[in-house]
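[1] Sequence plus predicted model, see below.
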Amino acid sequence: MLITLRTGERLLSLLDVIPDDFTPLPKVTSREEGLQVRRLLDRAPSVREWLPREGEGPGRL
């Protein structure tokens, strides 16, 4: 899951369980769209990596 914060920063998080009301995103229709999604995911730190940088510490997870 790619999370966008109010600041515009993006974080990567994994879901352990899919919620009952989960609606999948439409399929990627082109190679360029797929590459764009891949670049976004590659640049986004995980929530676990982001929290210590923000001074929250690892105990919050």
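    Now that the structure is in, tell me what you want to look at.

[2] what's the longest helix in the protein?
    In the chain, with assignment by DSSP state H, the single longest helix is helix 31-43.

[3] Just name whatever secondary elements the helix or strand following that helix is in contact with.
    Stepping forward along the backbone from helix 31-43, the first helix or strand reached (DSSP states H and E) is helix 47-53. For helix 47-53, the helices and strands in contact under the criterion 3 or more C-beta pairs under 8 Å, 6 or more residues apart in numbering; DSSP states H and E are strand 10-12. C-beta coordinates here come from the backbone N, C-alpha and C atoms, glycine included.

[4] can we see that at 6 Å?
    Helices and strands in packing contact with helix 47-53 are not found; criterion 3 or more C-beta pairs under 6 Å, 6 or more residues apart in numbering; DSSP states H and E.

[5] List the buried residues of it.
    Within helix 47-53, the residues that count as buried by 16 or more other C-beta atoms under 10 Å are 47, 50, 51.

[6] now, which of those sits nearest residue 3?
    Of all these, residue 3 sits closest to residue 47, with 7.5 Å by C-beta to C-beta.

[7] Now do residue 9 against residue 45, distance only.
    Residue 9 is 9 Å from residue 45, where distance means C-beta to C-beta, to the nearest Å.

[8] average pLDDT across the longest helix of the chain?
    Along helix 31-43, the predicted confidence averages to a pLDDT of 87.

[9] Now find how far off-centre that helix is within its chain.
    Taking C-alpha atoms, centre = their mean, to the nearest Å, the mean C-alpha location of helix 31-43 is offset from the chain mean by 12 Å.
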